[in-house]
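K.L.:
next comes the sequence, and after it the predicted model I'd like to discuss.
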Amino acid sequence: MRKAAPLLFFSLFVTLMIPVLAAPGPALDRQPSADYHARREALAKKAGVVVLFAPIEGPDEVYEFRQENNFYYLSGQTEPGTALLIAAAADARGDSPARAYTEIFFLPPHNVRREKYTGPKLGAENPDAPKITGFDRVEEMSKLPEEVENAMAGARPVVYGDVSSDGEPSANGAPLTFLKRSNAVVIFQDVKPFLTSLRTYKDAGEVALLRKAVDASVAAHFAAFKAVKPNVNERDISALMQYEWTKLGCERPSYAPIVGSGLNSTVLHYAEDDNVMNAGDVVVIDAAAEYSMYAADITRTLPVNGHFTARQREIYDIVLGAQEAAMAAFQSGKSMLVGSSDSSIAKVAMDYINSHGKDLHGEPLGKYFIHGLGHYIGLKVHDDGDYKLPLGPGMAFTIEPGIYIPEEKIGVRIEDDYWVDPDGKLIKLSAALPSKADEVEKAMKGK
C-alpha cells in the first residue's frame with residue numbers, strides 16, 4: 001500500500017479550510033454516548049471502513065450552524081470541521097494481524113486568533129476528549145491519513161464516505177480528495193445507502209426526542225387555535241407558533257412554516273404567510289419544530305371564524321375519514337406507506353376519498369389528493385429511510401391525507417406523527433392535538 005501524502009500538507013489544509021468553528025450554542029438534549037457508539041459499530045459491520053467529515057462553517061457565517069444529519073447520527077457532535085473514522089474488526093490475514101474494532105474522532109488544530117471570537121475549542125490534547133465526545137480515541141486532524149492507512153492494512157481497499165452522487169454537493173468532497181491523493185489504491189464508495197438502512201428504524205432515545213419535538217409543536221398549534229381570527233395576518237400565526245415552541249426548548253422550525261388561508265390553503269408549499277385571513281375561509285397550518293435535531297411535522301386546518309361551513313366540514317370529514325381508514329388498515333410488517341398495492345395504506349386513503357365525496361361537477365375527489373400519504377420523520381422532516389420495506393417496529397412517519405380544491409377555495413390537510421412500538425402497535429404521537437371538526441371548533445374557543 002502506497003505511503004500517505006505528507007501529513008503536514010493535510011494539516012495545512014485543515015487549518016486553512018476551517019477558519020471558524022461554531023460558537024457554543026444551547027446544549028442539545030443529547031442521547032447517551034453508548035447509543036451513538038452502537039450505531040457506529042452497526043455501520044462498521046455493514047461497510048467495513050468509513051470516513052465522514054462534518055461540514056465547514058464559513059468565515060462570515062451569520063446563520064446558526066446545523067450539523068449534517070448522518071454525521072450527527074453517528075457522533076452526537078455538533079462541531080463543524082471535525083471527522084470520524086470507524087473500522088470493523090478484522091481477522092488476521094496473511095502477514096496482516098487481526099484488527100479490533102476501531103473508532104477515532106478527529107478535531108481540527110487550535111486557531112488561537114479565531115477562538116478569541118468563538119470561544120475555546122476542544123482539542124485532541126485534552127485528556128478528557130474521549131469522555132466528552134464518546135469516542136474510544138480522539139486525535140488531531142493531521143493524523144487522519146495515517147489512521148486511514150492503518151485501518152486499511154490487510155483489508156479490502158475500500159473506504160466508505162459521503163461520496164457526492166447525482167450531482168448533489170457533499171461536505172466531504174474536498175477532504176476526500178486529499179485522502180484519494182494520499183493513497184491511489186483506495187476505492188471510495190458511498191456510505192449513504194447503509195446509513196439510510198440504519199436510520200429507517202428509530203431507537204428508544206430517538207423516539208423520546210421525537211416525542212419532545214411533537215409535544216412542543218402540539219403546544220404551538222394550541223396557541224394558533226386560539227389566535228386564528230378574521231383580519232389576523234398569517235405571519236402573526238407563524239410568529240406566535242415559533243415563539244411557543246422555542247420557549248419549550250426547540251432550536252428551530254423543522255421547515256418553513258406554512259400558514260395559508262383562502263385560496264392559499266390549496267397551495268401545498270405556500271411560503272409567503274402574508275395574507276390577511278378572512279371570515280368564511282379555512283386556513284391550513286403546516287408547522288412544527290425540531291427538538292435537539294429531531295423534527296416533528298404536524299398540520300391542522302381551521303375555520304378562520306371558528307365555524308366550518310357545511311361544505312368545508314364535508315371536505316374536512318372526508319380527509320379525516322381517510323386518515324382514520326389508513327390507521328385502521330395498518331398491520332405491522334405488512335402495510336406499506338407508499339404505492340398502490342392492496343397492502344398500501346396510501347391506497348386505502350385514496351379509495352376512501354374517492355368513495356366519499358364529489359366536486360362541484362360530480363367527479364370523485366381523489367384527483368384533489370395530489371401528494372403522498374406520508375413520509376418518514378427523524379433527523380430531518382422528510383427523513384432518510386427505505387420505502388420498499390413494510391412499516392414495522394421502530395419506524396416513525398406521518399399520515400397526512402389532503403384535498404385541495406382551488407375552485408372552491410377549500411384546502412384541507414390533517415397531518416399527524418406516528419411510531420410503531422416494539423409490539424407492532426401504531427402509536428399516534430400527536431394524539432393530544434384535536435382533529436375532529438367539533439373538537440377543533442371547541443379548541444378555537446378555548447374550551
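P.N.:
Nice, thanks for sending it over.
K.L.:
what mean pLDDT does stretch 408-423 have?
P.N.:
Over the span of stretch 408-423, the pLDDT mean works out to 98.
K.L.:
elements contacting the helix or strand harbouring residue 259?
P.N.:
Per DSSP states H and E: residue 259 is located in strand 258-261. Applying 3 or more C-beta pairs under 8 Å, 6 or more residues apart in numbering; DSSP states H and E, one finds that strand 258-261 makes contact with helix 234-247, strand 282-286. The way it works is simple: take the backbone N, C-alpha and C, and place the C-beta from them, glycine included.
K.L.:
now the spatially most central residue of the chain: how far from residue 290?
P.N.:
A centroid search over the chain (C-alpha atoms, centre = their mean) returns residue 380, at 1.2 Å, as the residue closest to the centre. Note on residue 380: its distance to residue 290, by C-beta to C-beta, to the nearest Å, is 9 Å.
K.L.:
shared neighbours, the two?
P.N.:
residue 254 (C-beta atoms under 8 Å, 6 or more residues apart in numbering).
K.L.:
picking that back up, distance between the strand holding residue 259 and the chain's centre?
P.N.:
Distance of strand 258-261 from the chain centroid (C-alpha atoms, centre = their mean, to the nearest Å) equals 22 Å.
K.L.:
do stretch 258-270 as well
P.N.:
So, by C-alpha atoms, centre = their mean, the centroid of stretch 258-270 is 23 Å from its chain's centroid.
K.L.:
and the helix or strand hosting residue 324, what's buried?
P.N.:
Using DSSP H and E, residue 324 maps to helix 310-329. Neighbour counts over helix 310-329 (16 or more other C-beta atoms under 10 Å) mark 312-327, 329 as buried.
K.L.:
with just CA atoms, put stretch 432-439 into PDB.
P.N.:
Output of stretch 432-439 as PDB, limited to C-alpha atoms (Å, rounded to 0.1, in the frame of the first residue of the first chain):
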ATOM      1  CA  ALA A 432     -53.100  15.300  22.100                       C
ATOM      2  CA  LEU A 433     -54.000  17.800  19.300                       C
ATOM      3  CA  PRO A 434     -57.700  17.700  18.300                       C
ATOM      4  CA  SER A 435     -58.500  16.600  14.800                       C
ATOM      5  CA  LYS A 436     -62.300  16.100  14.800                       C
ATOM      6  CA  ALA A 437     -64.200  19.100  13.400                       C
ATOM      7  CA  ASP A 438     -66.200  19.600  16.600                       C
ATOM      8  CA  GLU A 439     -63.200  19.400  18.800                       C
END
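K.L.:
what's that stretch in contact with?
P.N.:
By C-beta under 8 Å, 6+ apart, the list of residues contacting stretch 432-439 reads 215, 218, 221-222, 298, 300, 308, 313, 316-317, 320, 323, 414, 416, 440, 442-443.
K.L.:
in it, what's buried?
P.N.:
So, applying 16+ other C-beta under 10 Å, buried residues of stretch 432-439: 433, 434, 435, 437.
K.L.:
tell me if I'm right that residue 267 and residue 411 touch.
P.N.:
Yes - in this structure, residue 267 is within contact of residue 411 by C-beta atoms under 8 Å, at 7.5 Å.
K.L.:
between the two, what contacts are shared?
P.N.:
260, 404.
K.L.:
of the two, who's got more company?
P.N.:
residue 411 (28 against 15; other C-beta atoms under 10 Å).
K.L.:
assumed that one was part of a helix.
P.N.:
No - using DSSP: H, G, I helix; E, B strand; the rest coil, the secondary structure at residue 411 is strand, not a helix.
K.L.:
for it, give the beta-bridge partners.
P.N.:
Beta-bridge pairing for residue 411 (DSSP bridges): residue 404.
K.L.:
for it, give me its contacts.
P.N.:
260, 264, 265, 266, 267, 282, 284, 301, 402, 403, 404, 405.
K.L.:
so how many other residues sit close to the last one?
P.N.:
So that's residue 405. 18.
K.L.:
I'd like to know which of the contacts of stretch 432-439 are part of strands.
P.N.:
300, 416 (DSSP state E).
K.L.:
hang on, the residue nearest to the centre of the chain packs against residue 297?
P.N.:
No - at 10.1 Å, residue 380 and residue 297 do not qualify as touching, with contact defined as C-beta under 8 Å.
K.L.:
could you chop the chain up by domain?
P.N.:
7-199, 204-444 (automatic domain parsing).
K.L.:
pLDDT below threshold where in the stretch 301-447 of the chain?
P.N.:
Applying pLDDT under 70 to the stretch 301-447 of the chain flags no residue at all.
K.L.:
ok, which stretches of it are helices?
P.N.:
310-329, 345-355, 437-444 (DSSP state H, counting those that start in this stretch).
K.L.:
any residues touching stretch 197-208, and which ones?
P.N.:
With C-beta under 8 Å, 6+ apart, stretch 197-208 has contacts from 31-32, 35, 38-39, 42-43, 46, 70, 73, 210, 294, 376, 378-379, 383-386, 389, 393-396, 419.
K.L.:
for residue 158, give me its contacts.
P.N.:
Residue 158 neighbours (C-beta under 8 Å, 6+ apart): 48, 49, 186, 187, 188, 189.
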